[in-house]
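Engineer: Here's a sequence, model it:
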Amino acid sequence: MGRYRKNKWSWWSYFKNTSRKLYTWLILLFSIFLTLLFYEFWNYWFLALIILFTIILAIWKQWLKITILIVAILTLTLYYFFIYKNNVLLDEKIDINTHFQKLNQSEFTFKYKNFDILIKDKNISENYIYNGQFIIEKIDFSLQTNSKMMYLKSKNIFYQVQKINFIKEIKVNDSIILKIKNFLNNDKFYYSKFVPLLLIAEYGNDEKELLDILKKVGIYHIFVISGFHIVLIKTLIEKFFKLLKMKNGYGFITFTSFTLIYLIILNFPVSALRAFIFLLFKEFNKKILKNKFTNIELLTFIALIFFINNIFVIYSYSFILSFFITLIILLINQIKIKNNVFKLLLISVLASIFSTIILNYNSLAQYNLLSSINSILIAPVVSILYILCFLCFWYVDFLDILFNIFFIFLKYYAMWQIFIDVSLHFVLSSSIIALFFIAIPLTLTINYEKFNKNIDKTIAKF
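Structural biologist: Numbers count the residues shown, from 1 in each chain. You can find the predicted model right below:
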C-alpha cells in the first residue's frame, strides 16, 4: 500500500507542476488587468485581488515571476500617472499643419504633442495636408456609450477638437500608403467591396450589406487582417524558399521584412502585430534560447509589451479576442489529441463560443450553430482569395468578376444558417464545458504516459 501512496503523490506532483508552469503567467496577466481597473475606478476590491494573486505566486515560490510582476505593475503605474495624469492638455488653442487619419466617415485623428486628437468633420479628407487652428478639450467619457468609450481609449484617444477656428487645404497628400488605399477603393463595385477589406482592412463601397453577411455566417474574423493572414504569409514564403532549396534563414528574413512593411501600411492592427511579434519571439526562443520559454509565456511577454505601450489596449476587442483565442489554441495544443480533425473542430467551436460571449457580454445575441463549421470550410477559400488579391490586385476586372460570384454564393449560403438566442444560461454552460475540455484534459494528459506506467506498476504489485 505504501507503493501506491507514493505513485498517487507522484501523480499529484505532475498535476501541481503543470499548474505552476501554466497558470502563474496567466495570473501575472490578470494582475496587470486588475491594476488598470484599480487605477481607473479606485475600487479596492481590485487591489485586494492583486495582493491575493501575489500571495499565490509567493506560495508557489515563483520568485522570478513575482519580481517581473512587481516591476511590470510599477512600470504601468508610473506610465499611467506621468503620461496620462500629469501631461494633459487643458482647453488649449493649437495651430496645426498636418494630415488626418480616417476613423470612419465623419471622424478623423491627427497627432499633436504625441497625443492623438479626435476631430469630427465630414468635409475633411485623408487626401490633403491641412493648416488650421483648433481649440481642444478632454473627452468626457461619461457622455459616451460603453462601446464608444472602449474604442477611443483602446486607440489612445483622450482629446477632441471642441471648436474649429479655421481650416484650409494647403497641398495634396502624396504618401505611397494613401495612393495604395485610393487604388484599391476604385469604381469597380465588388472589387472595392472585398479587396480593401482583405488586403488593408479598409471598408469599401456599401460595406454594411457585406459585413452583415460575414457576421451572420460567422466568418468576419477570417476576412479582417489578423494572425490568420500573418501565419498564411509566413507559410507561403517558407514554402517558396523551400521549393527553391534555399536555407530557412532567407525565408524568415524575407517574411520579417515583407510583413514589417505590410504592417506599416496597415497602421499596425493589434491582431496582426501580435501574430508577427509572437512568430519573431518563437523563432528567437527556438534558435537562440533553445526553447527556454513556453509558447504561453511568450504570449504573456507580448501582452506585457502591449500594456506598456498603451495600458488601455485592454479595452480593444481585437486585443482581447486575439490574445484569448490564441491562448485557447495554445492550451488545446498541449492536450495530446491524436485526431487532428477533432482538434481543429474543438478549437473552432471554443473560439466561436468565446468570441460570441466577449462581443456580447452586456446584451443578448444570436449564436450561429454552424459558425465553427463555416470557418473550417470557408477559411481555405478565403486563403486562396487573399493570395489572389496579393498577386493580381492590379487585375481589377478579373477580381471584380470573381468577387461578384463569391458574393452571390455568400448571400445564398447565409440563408441556410441555424441560430439560437444567447442567454446567461448559455454563457455559463458553455464556459463550464470549455473549462472541462481545456483544464482537466490538459493537466491530466501532459504526463499521461508517465502516469500510465506508474499505474501499471502499481497494479502489478497487487
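Engineer: show me where pLDDT drops low in this structure?
Structural biologist: Along the chain, segments meeting pLDDT under 70 span 1-91, 204-206, 357-365, 422-462.
Engineer: Kindly export the longest strand that it contains (C-alpha atoms) in CSV.
Structural biologist: For the chain, the strand with the greatest residue count under DSSP state E is strand 157-172. Extracted in CSV, the C-alpha atoms of strand 157-172 (Å, rounded to 0.1, in the frame of the first residue of the first chain):
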residue,chain,number,x,y,z
ILE,A,157,-7.7,59.0,-27.9
PHE,A,158,-8.5,61.2,-24.9
TYR,A,159,-8.8,64.6,-26.5
GLN,A,160,-11.0,66.1,-29.2
VAL,A,161,-11.4,69.3,-31.2
GLN,A,162,-14.0,71.4,-29.4
LYS,A,163,-14.0,74.3,-31.9
ILE,A,164,-12.5,74.8,-35.4
ASN,A,165,-11.4,78.5,-35.7
PHE,A,166,-10.3,77.9,-39.3
ILE,A,167,-9.0,75.0,-41.5
LYS,A,168,-7.6,75.1,-45.1
GLU,A,169,-6.2,72.7,-47.6
ILE,A,170,-2.6,73.6,-48.4
LYS,A,171,-1.4,70.7,-50.6
VAL,A,172,-2.2,67.1,-51.8
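Engineer: Which positions in the following helix or strand past it come out as buried?
Structural biologist: Per DSSP states H and E, the first helix or strand lying C-terminal to strand 157-172 is helix 176-184. Within helix 176-184, the residues that qualify as buried by neighbour count (16 or more other C-beta atoms under 10 Å) are 180, 181, 184. For glycine as for every other residue, the C-beta is placed from the backbone atoms N, C-alpha and C.
Engineer: How about stretch 145-156?
Structural biologist: By 16+ other C-beta under 10 Å, the buried positions in stretch 145-156 come out as 150, 151, 152, 153, 154, 155, 156.
Engineer: Now do the SS call for the third one.
Structural biologist: When you say that, I think you mean residue 152. helix (DSSP: H, G, I helix; E, B strand; the rest coil).
Engineer: residues contacting it?
Structural biologist: Going by C-beta atoms under 8 Å, 6 or more residues apart in numbering, residue 152 touches 118, 139, 141, 144, 158.
Engineer: could you say what helices and strands the longest strand of the chain packs with?
Structural biologist: Packing partners of strand 157-172 (3 or more C-beta pairs under 8 Å, 6 or more residues apart in numbering; DSSP states H and E): strand 115-120, strand 128-138.
Engineer: Among those, which comes closest to residue 417?
Structural biologist: Across the helices and strands packed on strand 157-172, the minimum distance to residue 417, taken as C-beta to C-beta, is reached by strand 115-120, at 36.7 Å.
Engineer: Show me what that closest one is packed up against.
Structural biologist: With 3+ C-beta pairs under 8 Å, 6+ apart as the test, strand 115-120 has strand 107-112, strand 128-138, strand 157-172 packed against it.
Engineer: which residues sit against it?
Structural biologist: With C-beta under 8 Å, 6+ apart, strand 115-120 has contacts from 89, 100, 103, 106-111, 134, 136, 139, 152, 155-161, 164.
Engineer: Just the buried positions in that strand, please.
Structural biologist: Buried-residue list, strand 115-120, by 16+ other C-beta under 10 Å: 115, 116, 117, 118, 119.
Engineer: now those as JSON lines including distance to residue 270?
Structural biologist: What follows is the buried residues of strand 115-120, written out as JSON lines (distance: C-beta to C-beta, whole Å):
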{"residue": "115", "distance to residue 270": "20"}
{"residue": "116", "distance to residue 270": "15"}
{"residue": "117", "distance to residue 270": "21"}
{"residue": "118", "distance to residue 270": "19"}
{"residue": "119", "distance to residue 270": "23"}
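Engineer: which one of the residues you listed sits closest to residue 256?
Structural biologist: Nearest to residue 256 among the buried residues of strand 115-120, with distances taken as C-beta to C-beta, is residue 116, at 27.6 Å.
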